[in-house]
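Q: with the input below, show me the fold.
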Amino acid sequence: MTVDMPSLTYVALYMVGASIVASTPRSATHWKLQKGPDGVVLVQPSLAEDAVKVASEDPVLTILTQQKNFGYDEEESGRESEQHTVHHEGECISCEKATESDRQQQQMKNKNIDVLECTKHVNKTDYDSLSGIIDRRKHPSIPEPEVALIFKRSDSDQVDMSVLETSLREAIMVTPNSLSVLNRVGNYWRIKGNTLLAIECFRKALSISPTNPDILLNLARVLFNMQYLPDALFLTEKSLQHKGPDQNSWLQHFTMGEVYKAMGNYQEASVYFRHSLDLNPTFHPAEAHLREMEQPFVTTNATVYTILIIGVLIFGVCVVLYYITEAYLKDNNQYPRRSPKLAVPWDRVRFPIPPRLMKHKRGGTC
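A: The predicted structure follows:
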């Protein structure tokens, strides 16, 4: 017995149509109605419109089709390089906060000028905990022209900085880890006033030889000029400790005196200045510091003595005036005389009794 079920035909047609729709890709060509001159017609859109539609419907494809997400364009990269300065140690610092040394170094690099550096800078030394070394990128530019005396062969010799730079470039390329070369490059940057490069050269030298007294002293002089007095005192003491007994340490003692003077401890400063003069009697700056420190004490003592002399003179004048007055009154009998009543003894003094009390006393009344 066959059962006539017309609904099965519709179910079969529905399933076939659903499978056809599901198998149709999203990127297939779609048709749409569009108003034209002859009325509404069925048109096929262009492939570009289909792509835009698909891209708008798919957010992942939208992200991938944006070209700016794959990298920076030229304008953005140029703007980024103007806003930031990337240092060799990987630190990114805003140009507004960069120090003068950083700006000078960046300008030289932008001009394709090879900066005289102590090759690759070190990451860590035994003295990196000092505040002056931690803040080395914040130090201002302070030239030290007196350091040029180190490079002079005679008193009449003049230091040519360009010739010196050329010789230091050749030396740093040949022996990049030489302590003497690193020390000379650091002193070169002290003359130029680039404290950052000077400190970096001294740090590299100290990473090789942490107890070198000359390098410790040079680094202490740099931090002393930056007014990091405790750091300068610590490094100078280290330099003095590691100075050999057969080596003259007059410069260490002079630096100790300068640091103590800047701290206000004149007593300790004078001791170190005198010891520096004992080791180097021809060093006139130590004599100048001693005279400058002794001048306030001389002025103070003179002021005290002046006040004491004035006080003694005033006291003497008062004594002389007193005796002159006494003599004058004695010669003219002008001393004040005592009253006769005051000369009567107290036991003979009679006080007057009122008359009313006298009557009561005579009458025997109480």
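Q: quick one: low-confidence parts of the stretch 51-200 of the chain?
A: Applying pLDDT under 70 to the stretch 51-200 of the chain flags residues 51-113.
Q: show me where it has helices.
A: Assigned helices in the stretch 51-200 of the chain, in chain order: 59-64, 74-83, 100-110, 131-134, 161-174, 179-192, 195-208 (criterion: DSSP state H, counting those that start in this stretch).
Q: need the CA coordinates for the fourth one. PDB is fine.
A: Output in PDB follows, covering the C-alpha atoms of helix 131-134 (Å, rounded to 0.1, in the frame of the first residue of the first chain):
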ATOM      1  CA  SER A 131      75.000  58.900  41.900                       C
ATOM      2  CA  GLY A 132      77.300  60.800  39.600                       C
ATOM      3  CA  ILE A 133      77.700  57.700  37.300                       C
ATOM      4  CA  ILE A 134      74.000  56.900  37.400                       C
END
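Q: same for it, what does it pack against?
A: Applying 3 or more Cβ pairs under 8 Å, 6 or more residues apart in numbering; DSSP states H and E, one finds that helix 131-134 makes contact with helix 213-225, helix 229-241. C-beta here means a position set from N, CA and C on the backbone, and glycine is covered the same way.
Q: so what touches that helix?
A: Residues from elsewhere that reach helix 131-134 (Cβ atoms under 8 Å, 6 or more residues apart in numbering): 125, 127-128, 139, 199, 203, 222-223, 226, 228, 230-232.
Q: how about 10 Å then?
A: Residues outside helix 131-134 that contact it (Cβ atoms under 10 Å, 6 or more residues apart in numbering) are 125, 127-128, 138-139, 195, 199-200, 202-203, 206, 219-220, 222-232, 234-235.
Q: likewise stretch 164-173?
A: By Cβ under 10 Å, 6+ apart, the list of residues contacting stretch 164-173 from outside reads 114, 116-119, 148, 151, 160, 178, 180-182, 184-185, 187-189, 191-192, 201.
Q: among those, name the buried ones.
A: A residue is treated as buried here by neighbour count (16 or more other Cβ atoms under 10 Å); on that basis the buried members of the contacts of stretch 164-173 are 116-118, 148, 151, 181-182, 184-185, 187-189, 191-192, 201.
Q: distance check, Thr175 against Ser162.
A: Taking Cβ to Cβ, to the nearest Å as the measure, Thr175 falls 21 Å from Ser162.
Q: now stretch 224-231: buried residues?
A: Using 16+ other Cβ under 10 Å as the burial criterion, the residues of stretch 224-231 that qualify are 224-226, 228-229, 231.
Q: stretch 137-150 too?
A: Applying 16+ other Cβ under 10 Å to stretch 137-150 flags 137-139, 144, 147-148 as buried.
Q: my read: Asn183 touches Asn218, true?
A: Yes - the pair formed by Asn183 and Asn218 meets the contact definition of Cβ atoms under 10 Å, at 6.6 Å.
Q: who's more crowded, the two?
A: For Asn183 versus Asn218, neighbours defined as other Cβ atoms under 10 Å are more numerous around Asn218 (23 against 20).
Q: which residues sit in contact with that one?
A: By Cβ under 10 Å, 6+ apart, the residues touching Asn218 are 147, 150, 183, 186-187, 190, 198-199, 201-202, 205, 212, 235, 239.
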